[in-house]
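**Q** Provide a 3D model corresponding to the input given below.
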Amino acid sequence: MQKRFKLDNGLRVAARRLDYAQSASLGVWINIGSRYETPGEKGISHFLEHLLFKGSRGYSCRKIKESIEGVGGSLNGFTSEEHTCYLVKIPHRHLPAALDILTDMVVNPSLKASDIRKEKTVVLEELKMYRDLPQSYVNELLDELLWPEQPLGSPVIGTVETVNNINRDSLRYFQKKHYTPANIVVSASGLLDYSSFFRKIDDIFSPLAGFTPNTFSSARQSQARPQLKIFHKDTEQTHMALGFHALRRDDPARHALSLLHIILGANMSSRLFNEVREKNGLAYEIGTGLKRYHDTGAFVVHAGIDNRKVPECLDLVLRELEKVKKSLVSEGEFRRAKDFYLGQLSLALEDTMEDMLWMGESVSCLDKVFSFSQVAQAVKNVSRGDLRLLAGSIFKPGLLNLALIGPPAKDEKMIYRRLNLE
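**A** Numbers count the residues shown, from 1 in each chain. Next up, the predicted model:
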């Protein structure tokens, strides 16, 4: 059973004891990410995440890593558009020590000037790495089309210019302003004692001032026609990211959208995998993905395509999207999609790390955690007609966005014609 509580300063906690587990997973979530940043701050959330692993008031960089890994645990962090998270999975008896380490990193980071200088080189190399990976960079190009000149349309990591402009003063100011109890969620799952866990969090965070929750500007969507961006690069295959604006994170139709994603491209049983790869051999990698934010979202088709067959593959993908708009999915694939959705969720929630991530993200974004039974009931209520209606509202040819990375092709004009851009 999940338990939650909230401190007077606004910090929220969610925990679940799993009696069968031998591990405990812990996450400290901060409601700060790239969409909260000003243009001049681009990449500072991600850079700060890197710096927190370099040491805190009570723990050196080496001590942080050895204290976790030296007892068999793992330590990591990530920054997204809407969150920064520091996480640990560890044998359950070491959970109190892990909580001490993560909270000291978040509350009392060292932010040494020498570490900042060195980490700039690391982050700039990371930025170059993503640019050199077309399967990654093509998604950045798609985001630019979906949300032009907006925080969601720019990379989380920032740019060479903004990363170079980060300094100790700006990092210190940013951390003090945003890493406050009103913006923090602590989540934990595994073999834990509720009373001692909650008491320890209360001791650490209650003395801190809460301040006000972070805010961001709402996403703008004003697309009136299809959009295409081609980045020419000498690659062995063409990388495609095709996207449509979709649903916000808590939209009532979100489960129907997940089922559409499963049917079209989430696994090897999906329509796109069968049609594009198995039947026609046009791509090795083909699938779909969902982007979900507080106020918007996207449905994305991604593929790595034979350079000579991009128009053919694009035609096939668009035909499959049209089919799901016009005809009800079969009862068999609809049942299998529901079983896959709930089966994958059930299996994930057996793992303490996945359960911790489920709770932490839910509380951070929605200030609630849905139980498996609640999700199962909501999925049960979705009909085949719901999927067809939703597909019709999202997969509009006039609102398509397409990003491609690959070598110049003789038949590139066919892509423009297919999107009615000539």
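**Q** would you check that Leu272 makes contact with Ala266?
**A** No. In this structure Leu272 lies outside contact range of Ala266 using CB atoms under 8 Å: 9.5 Å. In this view, the C-beta of every residue, glycine as well, is placed from N, C-alpha and C.
**Q** gap between the helix or strand hosting Val363 and the chain center?
**A** Secondary structure from DSSP states H and E places Val363 in helix 352-366. Centre-to-centre, helix 352-366 and its host chain are 12 Å apart (CA atoms, centre = their mean, to the nearest Å).
**Q** what comes up buried for that helix?
**A** By neighbour count with 16 or more other CB atoms under 10 Å, helix 352-366 contains the buried residues 352-353, 355-365.
**Q** just to revisit the earlier point, what residues are shared contacts of Leu272 and Ala266?
**A** Common contacts of Leu272 and Ala266 (CB atoms under 8 Å, 6 or more residues apart in numbering): Gly287, Thr288.
**Q** which of the residues in stretch 310-322 are buried?
**A** Residues Val310, Pro311, Glu312, Cys313, Leu314, Leu316, Val317, Leu318, Glu320, Leu321 are the ones in stretch 310-322 that count as buried (16+ other CB under 10 Å).
**Q** what about these, which are in helices?
**A** Among those, the members falling in helices are Val310, Pro311, Glu312, Cys313, Leu314, Leu316, Val317, Leu318, Glu320, Leu321 (criterion: DSSP state H).
**Q** residue nearest the centroid of this structure?
**A** The centre of the chain sits closest to Ser80, judged by CA atoms, centre = their mean, with a distance of 5.9 Å.
**Q** correct me if wrong: it contacts Ile157.
**A** No. Between Ser80 and Ile157 there is no contact under CB under 8 Å: 11.2 Å.
**Q** mind listing residues that contact the helix or strand following the helix holding Val363?
**A** Going down the chain from helix 352-366, the next helix or strand is helix 372-380, by DSSP H and E. With contact meaning CB under 8 Å, 6+ apart, helix 372-380 is reached by His255, Leu259, Lys338, Tyr341, Leu342, Leu345, Ser346, Leu349, Phe370.
**Q** please apply the same query to stretch 70-81.
**A** For stretch 70-81, the external contacting residues (CB under 8 Å, 6+ apart) are 33-35, 45-46, 49, 52-53, 64-65, 68-69, 84-91, 94, 98, 151-152, 156, 293.
**Q** again, only this time at 7 Å
**A** 33-35, 45-46, 49, 53, 65, 68-69, 85-91, 94, 98, 152, 156, 293 (CB atoms under 7 Å, 6 or more residues apart in numbering).
**Q** report the buried residues of it.
**A** Buried residues in stretch 70-81, counted by 16+ other CB under 10 Å: Gly73, Leu75, Gly77, Thr79, Glu81.
**Q** domain parsing of this protein, as residue ranges.
**A** Domains of the chain are assigned by automatic domain parsing as 2-205, 227-418.
**Q** can I get those in JSON lines with distance to Arg220?
**A** Formatted as JSON lines, the domains of the chain follow (distance: least, CB to CB, whole Å):
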{"stretch": "domain 2-205", "distance to Arg220": "6"}
{"stretch": "domain 227-418", "distance to Arg220": "9"}
